[in-house]
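Student: the following comprises the amino acid sequence and a computationally predicted model.
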Amino acid sequence: MSPLLNFLLAVVIVIIAAKAGGYVSARLGQPAVLGELLVGLLLGPTVLNLFHIVPWFAGDTHLEESLTLFGEIGVLLLMFLAGLELELDELIKSGKVAALAGTLGVILPLLGGYATALLFGLGQTEAVFIGLALSATSVSISARTLMELGVLRSKVGIALLGAAVFDDILVVLLLSTASALLVAGGAGGGLLLIVVRMVVFLAAASAVGFYVLPPLLRRVSDLPISQAITTFALVACLLFAWLSEAFGGVAAITGAFMAGLFLARTPLVSQIEEGISAMAYSLFVPVFLVNIGLQANLRTISGELWLFAIVLTVVAVVSKIIGSGGGALAAGFNRLDALRLGIGMISRGEVGLIVASFALSQALMSDEAFSVVVFMVIIATLVTPLLLRLVYRGENKPAGHNRAPGDKADFIPLSEGDAS
């Protein structure tokens, strides 16, 4: 078959499998996202290896890359929708807890991952990048789960997203520092340039978001263009994401989140959410969630590597809970809310994989260590929605709150979901 036909069939399989897995998971009282992630592991090289053993998929070098690109768009749209759910004033109020939770949530996993790698005989350089992979947080999974639970706009949800911004900036800065010292031979001027780029981008993006986006959206909404509001929102999301990484040196998901945060201040926010949600949850987000499992091959871990993988994963989970949760506790959260925030920061997702992929491409990490990091990312991502659902069990979900339009298959009443 042609690459186009292969891609069309693969997308059909991924979407149907994702929705089926999400439905089964929801019927069992678990977040739909958990079922979608497990489906990815089932279809991927860990179990079936479907897209490599089926004759018409075998040898298609473009399929994996195409699904990954679609999945990355899903991440951006998911973070954009998370930004739409929040009010900027509420996020600013969470500044203290976000700063402490984000900072301690980077430092403790970094030290824990570094020490664990050294304990299992890895070199100093490799240990540094394993520690960085543990430091990263990808809250797209947590944001999706909190949306399902109807608590994204709670103080924990708001602080979680704020902490993720601090986490992202610190990890990018540390990764840049490590690459400058270990790859570029300690170019201090380059590190200073990276910091300046971040500050300039955040300031410029905030100015555009406050003073340009809202009036421009109002003008565009009056034009005789089909789906003008949704189109404008999509362009803003993707453009902010591109600018974030290309010019700001910050992960693209941060730019997408900021675009949603600024557009949430407009009176057209409900129309934006409806249009983007339909697009995201019907195509891009299911591909993103399933593709996490498609990229992992846990069969490459064998022998003593399993002990290293298990210990590193435990360190990854515990260090985030203690680090981010401890930061929230120090900022005035009660123990339960601090625990919830710490659990929400566990998922590493694509951010941890980006750090590990960079180290692998620079020959700073072995293939075996990379497989262990992938195992840690997958398990951390899988346990996050489970643990979040557990610590939120028993709380009432407001009717229709944080519900994504057009995503009815992923949302069921709380009483029905907890029947099991």
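Tutor: Nice, I can see it.
Student: now the protein, which segments are flagged as low pLDDT?
Tutor: 29, 31, 90-91, 176, 179-191, 349-351, 396-420 (pLDDT under 70).
Student: and stretch 334-352, what's buried?
Tutor: Neighbour-count burial for stretch 334-352, counted by 16 or more other CB atoms under 10 Å, picks out 337-352. The way it works is simple: take the backbone N, C-alpha and C, and place the C-beta from them, glycine included.
Student: who's in contact with stretch 215-230?
Tutor: Residues from elsewhere that reach stretch 215-230 (CB atoms under 8 Å, 6 or more residues apart in numbering): 231-233, 263, 266, 268, 271-272, 275-276, 279.
Student: which one (most neighbours) among these?
Tutor: Highest neighbour count within the contacts of stretch 215-230, by other CB atoms under 10 Å: Ala233, with 29 neighbours.
Student: contacting residues around the residue nearest to it when sequence neighbours are not counted?
Tutor: Nearest residue to Ala233 in three dimensions, chain neighbours excluded: Ile272, at 4.4 Å (CB to CB, 6 or more residues apart in numbering). Applying CB under 8 Å, 6+ apart, we find Ile272 in contact with 84, 229-230, 233, 263, 266.
Student: out of the residues you listed, flag the one nearest to Met1.
Tutor: Nearest to Met1, judged by CB to CB, of those is Thr230 at 32.5 Å.
Student: what comes up buried for the one helix or strand the closest one maps to?
Tutor: Here Thr230 sits within helix 228-246, counting by DSSP states H and E. By 16+ other CB under 10 Å, the buried positions in helix 228-246 come out as 228-230, 232-234, 236-238, 240-241, 243-245.
Student: and after it, which helix or strand comes next?
Tutor: helix 252-263.
Student: packing partners of that following helix?
Tutor: helix 63-84, helix 88-93, helix 155-182, helix 188-211, helix 213-221, helix 228-246 (3 or more CB pairs under 8 Å, 6 or more residues apart in numbering; DSSP states H and E).
Student: how close does Thr46 get to Cys237?
Tutor: Relative to Cys237, Thr46 is positioned 32 Å away (CB to CB, to the nearest Å).
Student: following the chain past the helix or strand Tyr23 falls within, name the next helix or strand.
Tutor: Per DSSP H and E: Tyr23 is located in helix 3-27. Using DSSP H and E, the helix or strand that follows helix 3-27 towards the C-terminus is helix 32-43.
Student: if we can go back for a sec, let me have the contacts of stretch 215-230 in CSV, extended by distance to Tyr392.
Tutor: Listed next are the contacts of stretch 215-230 as CSV, based on distance: CB to CB, whole Å:
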residue, distance to Tyr392
Thr231, 35
Phe232, 34
Ala233, 29
Leu263, 28
Thr266, 30
Leu268, 31
Gln271, 29
Ile272, 27
Gly275, 29
Ile276, 25
Met279, 28
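Student: Ser319 contacts Thr116, doesn't it?
Tutor: No: using CB atoms under 8 Å, Ser319 is not in contact with Thr116, being 9.5 Å away.
Student: more crowded one of those two?
Tutor: Higher neighbour count among Ser319 and Thr116: Ser319, with 26 against 22, using other CB under 10 Å.
Student: please consider this matter closed, and thank you.
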